[in-house]
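Chemist: could you work out the structure for the sequence below:
(2 chains)
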Amino acid sequence: MGIEGVTESADATLVRRVLAGDTEAYAGLVARYRDRLGRYAVRMLGNQADAEEALQETFIRGYRSLGRCTEPERFGAWLFGILVNRCRTAGAQRARRDRTVIADEAAMARAAVWDESDRHAWRETIRWALGRLAPAHREAFLLKHVEELSYEEMVGLTGASVPALKMRVLRAREELCRLLQEVERA
Amino acid sequence: MRDGDRVVDRVVEMLKEPVRIDPVLDRRVMAELAQVPAPRRTTGIVALTGWLVRKRTIAVSPLGGLAAAAGIALAVLAGRAWVFPTAHHEPALTTTAAVSPGADTRAIQFVVLAPRASSVTLVGDFNDWDETATPMSRAVGNGLWSVTVPLAPGRYRYSFLVDGNRWEPDPEAPRALGDDFGRPNSVVTVGGS
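Modeler: Prediction:
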């Protein structure tokens, strides 16, 4: 899993220091995982502001619940599970908030993609297309292809079955292709 | 390679690019943590003791007064293949003994039907999700498990932990929108007086 790695023992040390009363040691964990978790949050929520808010809540909830992190060496994976759920909540809240202003996004994406060689335009187009996916499909796609989790790991994070997750990833791929080809033809 | 695969590969390549989050976030997090109680390892007796001695304000809540509780959350968890206990000792409900009465709290009774369970624990925001702090008591002669918890007005997420390894939401209560640990949770809202 992409979130874990060579920092596991250092993570465990920091977690134990925090639990022993050294609150400042938590800053080391925040710094270590800020960008790594930030990528998923930005991709899932589609903008930096919502992502940073979800990240902040994730780190705070992680701190409050640290006593229940039973495998400190897997702190990163444990915290990532919190983030996935914070992004779900943030996405649902935003869906209610933004329900009336979604209509013009397609036009914005088309306007941004006149020059396909422009990487920024391509990035904006993908952001738009990702935002059009059903949240569960977007979540499954990102976990599988960007975070490179196994389906078994995804089951642990999402609570969905392997067949359901495979179907979500497939649907996400199909929908992304359709949307991006539609934009290219526009 | 199909065109669709090439498109997805290009998408993934871009999505894997690193993202930089403003390090100011670290300071915001650490500033907020200054207001948060220090985390502690939650284990068995220590956690239960901590929950018992922490200062709380409650109205009433002896087990015998369950019927008078202000709110009742009733869950029926039937049809599960739980093992019927061969011997069961009622866990003592002592969590209410160390608390003092207060004006704003309500005694909320949680009831769950789990005839084949050997233990059921109530776990939620109100006990810091401590899996051992709030064991439920089984009524003699049936499969009803219950516990009464003093709660101040507010919104709380909770779940039932059955036999120490199975998380069950309350089917009679609203579901929480999201859960930090991938478990389905329920929500109870306690009104003010």
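Chemist: all helices for chain A, in order.
Modeler: Assigned by DSSP state H, the helices in chain A fall at A:8-19, A:25-45, A:48-64, A:75-97, A:105-112, A:119-132, A:135-141, A:151-158, A:162-185.
Chemist: tabulate these in a markdown table, adding columns for mean neighbour count, distance to chain B and mean pLDDT.
Modeler: Quick note: C-beta positions are derived from backbone N, CA and C, even for glycine. A markdown table is the format used below for those (neighbours: other CB atoms under 10 Å in any protein chain shown; distance: least, CB to the nearest CB, whole Å; pLDDT from 0 to 100):
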| stretch | mean neighbour count | distance to chain B | mean pLDDT |
| --- | --- | --- | --- |
| helix A:8-19 | 18 | 6 | 89 |
| helix A:25-45 | 22 | 4 | 95 |
| helix A:48-64 | 21 | 5 | 93 |
| helix A:75-97 | 20 | 4 | 83 |
| helix A:105-112 | 15 | 14 | 42 |
| helix A:119-132 | 18 | 5 | 83 |
| helix A:135-141 | 22 | 9 | 95 |
| helix A:151-158 | 17 | 6 | 91 |
| helix A:162-185 | 17 | 4 | 90 |
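Chemist: among these, which comes closest to residue B:30?
Modeler: helix A:25-45 (5.5 Å; CB to CB).
Chemist: go through the helices of chain A and name the closest to residue B:130.
Modeler: Checking those against residue B:130 by CB to CB gives helix A:48-64 as the closest, at 12.4 Å.
Chemist: nearest spatial neighbour of residue B:115, skipping sequence neighbours?
Modeler: Distance criterion CB to CB, 6 or more residues apart in numbering or on different chains; nearest residue to residue B:115, sequence neighbours excluded, is residue B:143 at 2.7 Å.
Chemist: count the residues that sit near the one you found.
Modeler: Residues within reach of residue B:143, counting by other CB atoms under 10 Å in any protein chain shown, total 18.
Chemist: quick check: it vs residue A:178, distance?
Modeler: Distance of residue B:143 to residue A:178, given as CB to CB, to the nearest Å: 51 Å.
Chemist: once you drop chain neighbours, what's closest to residue A:152?
Modeler: Of all residues not flanking residue A:152 in the chain, residue A:162 sits nearest, at 7.3 Å (CB to CB, 6+ apart).
Chemist: isn't that neighbour up against residue A:155?
Modeler: Yes: counting by CB atoms under 8 Å, residue A:162 does reach residue A:155; the two are 6.1 Å apart.
Chemist: and for the longest helix anywhere in chain B, what's in contact with it?
Modeler: Looking across chain B with DSSP H, the single longest helix is helix B:3-15. Helix B:3-15 is contacted from outside by A:43, A:122-123, A:126, A:129-130, A:142, A:145-146, A:173-174, A:176-177, A:180-181, using CB atoms under 8 Å, 6 or more residues apart in numbering or on different chains.
Chemist: still on that earlier bit, can you pull the contacts of the residue nearest to residue A:152?
Modeler: Shown in contact with residue A:162 (CB under 8 Å, 6+ apart): A:151, A:152, A:155.
Chemist: same question for residue B:143.
Modeler: By CB under 8 Å, 6+ apart, the neighbours of residue B:143 are B:113, B:114, B:115, B:116, B:117.
Chemist: partners of the helix or strand harbouring residue B:149 in the sheet?
Modeler: Using DSSP states H and E, residue B:149 sits in strand B:144-151. Each strand paired with strand B:144-151, and its direction, by DSSP bridges: strand B:106-113 (antiparallel), strand B:137-138 (antiparallel).
Chemist: pick the most buried one from those strands.
Modeler: strand B:106-113 (a mean of 22; mean count of other CB atoms under 10 Å in any protein chain shown).
Chemist: now do that strand, average pLDDT.
Modeler: What strand B:106-113 shows for mean pLDDT is 78.
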